[in-house]
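Student: When you get a sec, could you give me coordinates for this:
(4 chains)
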Number of protein chains: 2
Amino acid sequence: MRGSTTKHKAKKSPDRERLSRERVIKAAIGIAETEGIEAVTMRRVASSLGSGVMSLYRHVLDRDDLLLGMLDDVAEAIEPPPLERDERAEILAIMKAIHSEFREHPWIVKVLLFEGRGSLLILPLIERIFAALDRLGHAQDSAIEIYSLLLHYCYGESLSFQTTAKRRSVQKQYPIAEFDEFPMIRAAYLAGDDWKYDEFERNIKRILSAA
Amino acid sequence: MRGSTTKHKAKKSPDRERLSRERVIKAAIGIAETEGIEAVTMRRVASSLGSGVMSLYRHVLDRDDLLLGMLDDVAEAIEPPPLERDERAEILAIMKAIHSEFREHPWIVKVLLFEGRGSLLILPLIERIFAALDRLGHAQDSAIEIYSLLLHYCYGESLSFQTTAKRRSVQKQYPIAEFDEFPMIRAAYLAGDDWKYDEFERNIKRILSAA
DNA sequence: GATTATATGCGTACACTGTACGCATATTGC
DNA sequence: GCAATATGCGTACAGTGTACGCATATAATC
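Tutor: This next block holds a predicted model:
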């Protein structure tokens, strides 16, 4: 929408590219990707662009707006899975697409749940879920409930995955002795989570088998 | 003007109660309860106790430790639901207990998921869930998966409830026009969520029907 | 080209945050 | 009464988001 009129008049060849909403958002995403969303401070973004802090505010309303822009950017990049004839296969494919996006860009979940913002660009996928539930014979209220179950599990799982990973890296783990009175928890704890690979998919299937 | 009431040096009866870990944590919980976890800053807690900021650090390692203390405090207050013969009823009762705690003290979920900390005091309830799943004939791996499904849905739902409530109060809602291309989402959106009352319970039952 | 209008960059300042350091006082043990 | 310890907390520092307003770069008009 902006700057499309290519009036290449003065080739001043700016040694430093001009700022833009796009560039600011992309820089913020880069930082979030490598250092986590907590590292996305206005100063950090500015310094990664080699600009002053307040320059960012020419292209972004405030930090909240920047986060929203980041969401829109990744939402745009999602490629919708191909349509499936089978309703449950359709829903599973969509949930897997969303989930893998959450895994690839873990910061998304924190922004979604903490800032309470959501990108509108994901709506087509949600609509497809509702359509599939409709085809499965669900009335609106139960469709909404199942959708809520699917998505909130996805949120919780993705968020927990992050914090678990962090906890594990920090090695702030509890001593196993704490679990002595709870044999089953202890066993689960010791089992680790290598085999968890397909847990998400299997749990979505569980939900769908009850839908 | 604190000391002005007592002209001589009060030897044993201080007009101000002494600080303690307990008092610090309780004060922090009070603030979290009424103003949200974001308002729980060291300065805010100190001022609510009428003490200096650094005094808190005599009873609490750091802010993280304070949050952990808060978790333990509410976990302690949970009353375990009575044992149920029926396994699914047992699990449902426990999940409802946890969920209602999350609703009553919304800040818990944020601390749990963001700080990545957890209170050990809730382990007895978790153990009961695993025991019930065992009685239902689940091997360890599928038991862990179902437990993960149950709890992560509970997390996601509780967290989303908060942010939705906040969004609603701020009235930062999207204009309905945005949903024109997505009739089912639009309908769901317009339906509101008054009837959502038992959604959590019904969804847990859905999960259990697939367990 | 010259002049004006606007868009953009950003330095400084302010009100917050957590907490390290070390001094002052209160309480306890002998 | 005196020493040892426990407790309270003032000050300082490095962070955070961002309001304000000046300086310059670019665009538009004459």
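Student: What ranges in chain A fall below the confidence cut-off?
Tutor: Chain A contains residues with pLDDT under 70 at A:1-16, A:165-177, A:193-195.
Student: Show me where it has its helices.
Tutor: A:21-35, A:42-49, A:63-77, A:87-104, A:107-110, A:123-135, A:140-170, A:183-191, A:199-209 (DSSP state H).
Student: Need those in CSV (columns: distance to chain B and mean neighbour count).
Tutor: Just so you know, the C-beta spots here come from the backbone N, C-alpha and C atoms, and that holds for glycine as well. Formatted as CSV, those follow (distance: least, C-beta to the nearest C-beta, whole Å; neighbours: other C-beta atoms under 10 Å in any protein chain shown):
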stretch, distance to chain B, mean neighbour count
helix A:21-35, 16, 18
helix A:42-49, 19, 17
helix A:63-77, 10, 18
helix A:87-104, 11, 18
helix A:107-110, 8, 23
helix A:123-135, 4, 19
helix A:140-170, 3, 19
helix A:183-191, 4, 16
helix A:199-209, 4, 19
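Student: Among those, which comes closest to B:S47?
Tutor: Closest to B:S47 of these, according to C-beta to C-beta: helix A:63-77, at 26.5 Å.
Student: Could you give the separation of that closest one from the chain centroid?
Tutor: Averaging C-alpha positions (C-alpha atoms, centre = their mean, to the nearest Å) puts helix A:63-77 10 Å from its chain's average.
Student: Grab the CA positions of it and hand them over as CSV.
Tutor: Output of helix A:63-77 as CSV, limited to C-alpha atoms (Å, rounded to 0.1, in the frame of the first residue of the first chain):
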residue,chain,number,x,y,z
ARG,A,63,5.0,-1.8,22.0
ASP,A,64,1.6,-3.4,22.0
ASP,A,65,1.1,-2.4,18.4
LEU,A,66,4.5,-3.8,17.6
LEU,A,67,3.5,-7.1,19.0
LEU,A,68,0.3,-7.1,17.1
GLY,A,69,2.3,-6.4,13.9
MET,A,70,4.5,-9.4,14.7
LEU,A,71,1.5,-11.6,15.0
ASP,A,72,0.1,-10.5,11.7
ASP,A,73,3.4,-11.1,10.1
VAL,A,74,3.6,-14.7,11.0
ALA,A,75,-0.1,-15.3,10.5
GLU,A,76,0.4,-14.2,7.0
ALA,A,77,3.1,-16.7,6.5
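Student: could you give the angle of that helix to helix A:87-104?
Tutor: Following axes from the mean of the first three to the mean of the last three C-alpha atoms, to 10 degrees, one obtains 130 degrees for the angle between helix A:63-77 and helix A:87-104.
Student: Can you list the neighbours in contact with helix A:63-77?
Tutor: Contact with helix A:63-77 is made by A:21, A:24-26, A:28-29, A:32, A:40, A:42, A:45, A:56, A:60, A:101, A:105, A:107-108, A:111-112, A:115, A:117-122, as judged by C-beta atoms under 8 Å, 6 or more residues apart in numbering or on different chains.
Student: Out of the helices of chain A, which gets nearest to B:R202?
Tutor: For B:R202, the closest of the helices of chain A is helix A:140-170, at 6.0 Å, according to C-beta to C-beta.
Student: Distance of the nearest residue to A:R128 once chain neighbours are set aside relative to DNA strand D?
Tutor: Of all residues not flanking A:R128 in the chain, A:I94 sits nearest, at 5.9 Å (C-beta to C-beta, 6 or more residues apart in numbering or on different chains). According to C-beta to the nearest atom of the strand, to the nearest Å, A:I94 and DNA strand D sit 33 Å apart.
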